[in-house]
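Enquirer: Just to be clear, the model below is a prediction. Sequence and coordinates:
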Amino acid sequence: MNDTWLSNLAAPGNACSGADSENAGPIMAESAKPNKSKPTEVVECSECDARVAATVESSYDVFLDDPGFTIRYLFLKCPRCASAILAHQDDEDARYGQNPERWSIPIRLYPPASTRQLGVSVPEPIRNAFVEAVACFEAKAFTASAIMCRKVLEAVCVAHHAKGRGLAAQLKYLADKGEFDKRLFDWISALRVAGNEAAHDVGVTISREDAGDLLDFAEVVTEYMYTFREKYAAFQRRRSARTNKDKSGFDVDLE
């Protein structure tokens, strides 16, 4: 890794906070600058929500006969919050003359990237919309994430053949049918309104906190309507089967 390049990235003029990390260099907090004697690698710190020039505390190289290059495992320390980060890189491109630097850009292994997704009981169009909402959030495109959360609601209405002109009327139709209770309907309404503002009001910018809440609401609504209903139905079927097999002739109250 080119030390001059890393030094330029870590220069005070390039320091940034988590809020605008996508437009600046890695964080180098004044109170926690890495040891000058240790090499650094630029990785994403999940705790700081930013790219940081983390110190290499230790490394371990493994040569693979097939496909014929070395993998280096890195144990890193965030200079800002001191969190542990595990990453790996390889020298495949350098061995085949495709990269003047020996090692590739580090890929974080731990903490793992988000695997947030809906259960398999949720219809695929709804899952796909939610995956895009999560991807937008992780890319710090929070307004886009809010819009995709609204699309999750639209996909729910399509899956349930909701009637009505516009999303608000369709959601009320489902509520009147008893698809969700009043509290859940309040959450859905808040999600819909925020999604509308994000999509149609150019003066509105959704914050990270609000986008995170909207993702939570979208997840709760869909999991409630599909995953947990299926789990409850399966639970009731098991209870019924046990009661039918009871040879004693007594019903057992499990509550």
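Expert: Alright, I've got the coordinates.
Enquirer: And the pLDDT at residue 59?
Expert: Note on residue 59: pLDDT of 93.
Enquirer: ok but it is inside a helix, no?
Expert: No - under DSSP: H, G, I helix; E, B strand; the rest coil, residue 59 sits outside any helix and is assigned strand.
Enquirer: For it, which non-adjacent residue is closest in space?
Expert: Leaving aside its sequence neighbours, residue 59 sits nearest to residue 74 (CB to CB, 6 or more residues apart in numbering; 5.1 Å). Quick note: C-beta positions are derived from backbone N, CA and C, even for glycine.
Enquirer: Do I have it right that residue 46 meets residue 86?
Expert: No - at 11.7 Å, residue 46 and residue 86 do not qualify as touching, with contact defined as CB atoms under 8 Å.
Enquirer: Helices of this structure, residue ranges please.
Expert: 3-10, 92-95, 124-138, 142-159, 167-176, 182-200, 208-222, 229-244 (DSSP state H).
Enquirer: For residue 54, which of the ones you listed is the nearest?
Expert: Of all these, helix 3-10 sits nearest to residue 54, with 10.5 Å by CB to CB.
Enquirer: Low-confidence ranges, the stretch 51-200 of the chain, go.
Expert: Low-confidence segments of the stretch 51-200 of the chain (pLDDT under 70): 94, 96-100, 114-115.
Enquirer: Is there a neighbour count for the residue nearest to residue 59? I'd like the number.
Expert: Number of residues near residue 74 (other CB atoms under 10 Å) recorded here: 23.
Enquirer: give me the beta-bridge partners of it?
Expert: Counting by DSSP bridges, residue 74 is bridged to residue 59, residue 87.
Enquirer: is it true that it touches residue 41?
Expert: Yes - in this structure, residue 74 is within contact of residue 41 by CB under 8 Å, at 6.2 Å.
Enquirer: Need the overlap of contacts for the two.
Expert: By CB atoms under 8 Å, 6 or more residues apart in numbering, residue 74 and residue 41 have these common neighbours: 56, 87, 89, 106.
Enquirer: Would you mind stating the distance between the third one and residue 175?
Expert: Shown here: residue 89 relative to residue 175, a distance of 52 Å by CB to CB, to the nearest Å.
Enquirer: more neighbours, those two?
Expert: Neighbour tally, residue 89 and residue 175, criterion other CB under 10 Å: the higher count belongs to residue 89, 21 against 17.
Enquirer: Quick one: residues contacting that one.
Expert: By CB under 8 Å, 6+ apart, the contact list for residue 89 reads 41, 71, 72, 74, 103, 104, 105, 106, 107.
Enquirer: Now for the residues you listed: which two are most distant?
Expert: Greatest spatial distance in the contacts of residue 89: 41 and 71, 14.4 Å, computed using CB to CB.
Enquirer: Tell me which of the two has more neighbours.
Expert: More crowded of residue 41 and residue 71, by other CB under 10 Å: residue 41, with 22 against 16.
Enquirer: separation between that one and residue 137?
Expert: Counting by CB to CB, the gap from residue 41 to residue 137 is 25 Å.
Enquirer: go on, residue 39?
Expert: Residue 39 sits 32 Å away from residue 137, taking CB to CB as the criterion.
Enquirer: likewise residue 57?
Expert: Using CB to CB, one gets 30 Å for the distance from residue 57 to residue 137.
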